[in-house]
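Student: quick one, fold the following:
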Amino acid sequence: MDAQMLDHWKQYRSKPLPNSDGPRWLTPPPLESLVGIYAERLRSGRVDAAVVVLRTMWAVASALREDQRFQARADALLAMLSSTLSNPTVDYSALPYGDQAMVQQWLTRCPPQLVPALRNESSPGDNFRHTFYSLSEEVARHAGDASDPAYIEPRLVAAALLA
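Tutor: Just a heads-up that it's a prediction; the model follows:
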């Protein structure tokens with residue numbers, strides 16, 4: 001039964017990570033998708049249902065926080081959710097302007113030290129640049145000595161890998 005259900009999601013899965021049993025999802029859901037579920041309940045006047053959505057997000061983020069791969073993003077979501085849970089109607093002012101306006105409002109609630117975990121939400125270009133430089137640094141650790149004739153500039157290797 002479980003294998004049949006997983007087959008429906010085959011196109012969205014990739015190989016499991018080492019020391020990980022089960023599927024690894026290719027991309028995390030964008031913050032706008034999560035906020036949209038909550039906003040839909042607010043728009044329909046169902047604050048009680050919106051609170052249930054927030055509590056569900058809180059529970060999922062708390063569970064994901066235990067895995068080091070998801071900890072930074074889960075911490076950022078938990079920080080944003082804590083103020084939203086304390087007053088679910090705090091987003092009423094952004095509600096008429098759409099989900100993207102609510103996403104921007106949620107991002108203002110994220111503590112500065114957790115913003116890098118959400119950089120791809122707020123600034124895709126910056127996220128790409130930081131990813132490029134992180135990859136360059138990792139390649140440099142393995143590149144060896146610059147005096148070696150076979151040495152290739154780590155930034156060129158990173159650019160080739162990303163291309």
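
Student: buried stuff in stretch 152-163?
Tutor: 154, 157, 158 (16 or more other CB atoms under 10 Å). Placement of C-beta: from N, CA and C, glycine included.

Student: from the middle of its chain, how far away would that stretch be?
Tutor: 25 Å (CA atoms, centre = their mean, to the nearest Å).

Student: restrict it to CA atoms and write it as PDB.
Tutor: The C-alpha trace of stretch 152-163 is given here as PDB (Å, rounded to 0.1, in the frame of the first residue of the first chain):
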ATOM      1  CA  ILE A 152      41.900  25.300 -11.400                       C
ATOM      2  CA  GLU A 153      40.500  28.400  -9.900                       C
ATOM      3  CA  PRO A 154      37.700  27.200  -7.500                       C
ATOM      4  CA  ARG A 155      35.300  29.900  -8.700                       C
ATOM      5  CA  LEU A 156      35.600  28.600 -12.300                       C
ATOM      6  CA  VAL A 157      34.900  25.100 -11.000                       C
ATOM      7  CA  ALA A 158      31.800  26.300  -9.100                       C
ATOM      8  CA  ALA A 159      30.600  28.200 -12.100                       C
ATOM      9  CA  ALA A 160      31.000  25.200 -14.300                       C
ATOM     10  CA  LEU A 161      29.100  23.000 -11.800                       C
ATOM     11  CA  LEU A 162      26.300  25.500 -11.500                       C
ATOM     12  CA  ALA A 163      26.100  25.900 -15.300                       C
END
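
Student: hey, which helix or strand in this protein has the poorest pLDDT?
Tutor: Lowest mean confidence among the helices and strands of the chain (mean pLDDT, DSSP states H and E): strand 24-25, at a mean of 52.

Student: you'd agree residue 36 is up against residue 98?
Tutor: No: under the criterion of CB atoms under 8 Å, residue 36 is not in contact with residue 98, lying 9.3 Å apart.
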